[in-house]
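Q: fold the stuff below for me.
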Amino acid sequence: MALPDATDLDALVALARYGSLSAAAKRRGVAVSTLSRRIEAAEINLGLKLVDRHARGARLTEAGQHVAAVAAPLSGQLDRVAQLAAALVSGAVLRPVRLSATEFIVSDVLAPQLPALLGGAAPIAVELRSEADVISLAARDADIAVRMVRPTGASLVIRKQRPITLSLYASRAYLGTRSPGALDLAVEALLAYDDSYGALPETAWIAAAGLSQRVVLRSGSTRALLTATLAGAGIALLPDVIARRHADLTALAIGPRIAPRTPYITWHRDLQHDPNVRRVADWATGCFQRLNSFAPLARSDDATNMSGL
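A: Coordinates of the predicted model:
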C-alpha cells in the first residue's frame, strides 16, 4: 500500500460532499474524467474499492465513506491553501517581511523608526526578529539579515552600512569620587560582549589590549551590559548612540582607540526583485543613515598605555 496523493483524496471527499462525479468535478474545476482518474489512483494506492460505478453514476462504498470522512480535514486544508494563494497573488493578504538582527539593532536602530516604514501609501508588514544565532538566508529562515560581520556567499546581496562607534563608559555609581582620567583599565572591572555575533571589533580590542582577565561579565545583550553599567558593575564598551542617552554614564577617553562596528544588510539574490523586501532593505539602510553620529573622544595618547589620561 502506498500513500495516496492529497489531490486524489480531495477528489473522493468532493464526491462524498456533492453526491455525484459531475457536481464534484464542477466544484473542483476539472473534467469528470480527471476527477474519476484521481479517485481510481486513490483506490490503487490504498488497495481498497472506494466507489461503486454504475450507469447512473457513482456512489461511495462503505470503505470509501470511512476514507472520505478521515480525509475531509485534509481537503479543507487544501481549500484554504488555494484561497490563501489567491489572496497573496491579489495582494489581499500581507506576508510580513522577516528581518533578523541583533537585539541592539532591533530595539535601538530599527524599532524607533518604524513609522517611516509603516506610514507609506502602500501597506506593508514587517517581522523584526532579535536573534543571536546567524540564521540561514538560503534556507529562508529570514528574508533580510543585519550582521555585524561581513557575510560571505555569492548568492547574497550585501549592503555595507554606516559604522557604529563605541566607547568606554562608567556610571557615577561606579566612579564614585574618582576622576575618569585617573582610571587604570588594568585594575578595573570590565563588562564586555561575548562572541555570540562573531568576531566583533570590541572583543578583539579587549584581547589586543591584554584586558581579557579584567572582564567580569560577558553577554550578547546590549541591554544587559547597559543595565549592569548603570548599576555600577564596571566599565563597559557600549555603542555611543545608546550610551549617550543616559546622563548618568560618563564616556572615558582612555586606552587605545576602539574600531567601530560595521553593520551589513543582506538578503538572498532570489528576493532582490521582491518589492517589499527591497522596501524594507531601503528603510533599514535609511535607519542607519539617520543614526546620530558621535565624534571619537579626544585622546592625548593612543598608545597601549592603559592608565588614565
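
Q: C-alpha only now, for contacts and for neighbours.
A: Noted.

Q: out of the helices and strands in this structure, which is least certain?
A: helix 62-90 (a mean of 80; mean pLDDT, DSSP states H and E).

Q: quick one: list the elements packing against it.
A: On a contact count with 3 or more C-alpha pairs under 8 Å, 6 or more residues apart in numbering; DSSP states H and E, helix 62-90 meets helix 6-18.

Q: what comes into contact with the helix or strand following the helix it packs on?
A: Using DSSP states H and E, the helix or strand that follows helix 6-18 in sequence is helix 21-28. Helix 21-28 has contacts (C-alpha atoms under 8 Å, 6 or more residues apart in numbering) with 11, 14-15, 17-18, 31-32, 34-36, 57-58.

Q: among the residues you listed, which one has the most neighbours?
A: Neighbour tally across those (other C-alpha atoms under 10 Å): the maximum, 27 neighbours, falls on L15.

Q: which residues touch that residue?
A: By C-alpha under 8 Å, 6+ apart, L15 lies in contact with 21, 23-24, 59-60.

Q: just the buried positions in stretch 271-281, please.
A: For stretch 271-281, a neighbour-count test (16 or more other C-alpha atoms under 10 Å) marks 276-278, 280-281 as buried.

Q: among the residues you listed, which lie within helices?
A: 276-278, 280-281 (DSSP state H).

Q: narrow the contacts of L15 to those that are buried.
A: Buried among the contacts of L15 (16+ other C-alpha under 10 Å): 21, 24, 59-60.

Q: which one of the residues you listed sits closest to L137?
A: Of all those, L137 sits closest to A24, with 41.9 Å by C-alpha to C-alpha.

Q: where does pLDDT dip in the stretch 201-309 of the chain?
A: 292-309 (pLDDT under 70).

Q: mind redoing it with 90?
A: 201-211, 220-222, 237, 241-242, 244-245, 253-262, 270-275, 289-309 (pLDDT under 90).

Q: contact partners for T34?
A: So T34 contacts A25 (C-alpha under 8 Å, 6+ apart).

Q: L74 too?
A: 6, 10 are the contacts of L74 under C-alpha under 8 Å, 6+ apart.

Q: ok, back up a step: closest to A182 among the buried ones among the contacts of L15?
A: A24 (85.8 Å).

Q: check contacts around A16.
A: Per C-alpha under 8 Å, 6+ apart, neighbours of A16: 59-60, 65, 68.

Q: which helix or strand contains S167?
A: Applying DSSP H and E, one finds S167 within strand 166-171.

Q: likewise S36?
A: Per DSSP H and E: helix 32-46 holds S36.

Q: pull the CA atoms of stretch 210-221 into CSV?
A: Extracted in CSV, the C-alpha atoms of stretch 210-221 (Å, rounded to 0.1, in the frame of the first residue of the first chain):
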residue,chain,number,x,y,z
GLY,A,210,45.6,42.4,27.3
LEU,A,211,42.5,43.1,29.3
SER,A,212,40.7,39.7,28.9
GLN,A,213,41.4,38.8,32.6
ARG,A,214,39.7,42.0,33.7
VAL,A,215,36.3,41.1,32.2
VAL,A,216,33.8,40.2,35.0
LEU,A,217,30.7,40.0,32.7
ARG,A,218,30.3,38.8,29.1
SER,A,219,26.9,39.0,27.4
GLY,A,220,25.5,39.1,24.0
SER,A,221,22.8,41.5,25.2
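
Q: measure how far that stretch is from the centre of its chain, please.
A: Distance of stretch 210-221 from the chain centroid (C-alpha atoms, centre = their mean, to the nearest Å) equals 27 Å.

Q: give me the residue at the spatial middle of this structure.
A: S100 (2.6 Å; C-alpha atoms, centre = their mean).

Q: now the contacts of A16 as CSV including distance to P115?
A: Formatted as CSV, the contacts of A16 follow (distance: C-alpha to C-alpha, whole Å):
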residue, distance to P115
R59, 59
L60, 57
Q65, 54
A68, 50
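
Q: burial check on A55, number of neighbours?
A: 5.

Q: quick one, what contacts it?
A: Per C-alpha under 8 Å, 6+ apart, neighbours of A55: none.

Q: relative to Y18, how far out is it?
A: Remark: distance between A55 and Y18 (C-alpha to C-alpha, to the nearest Å) = 18 Å.
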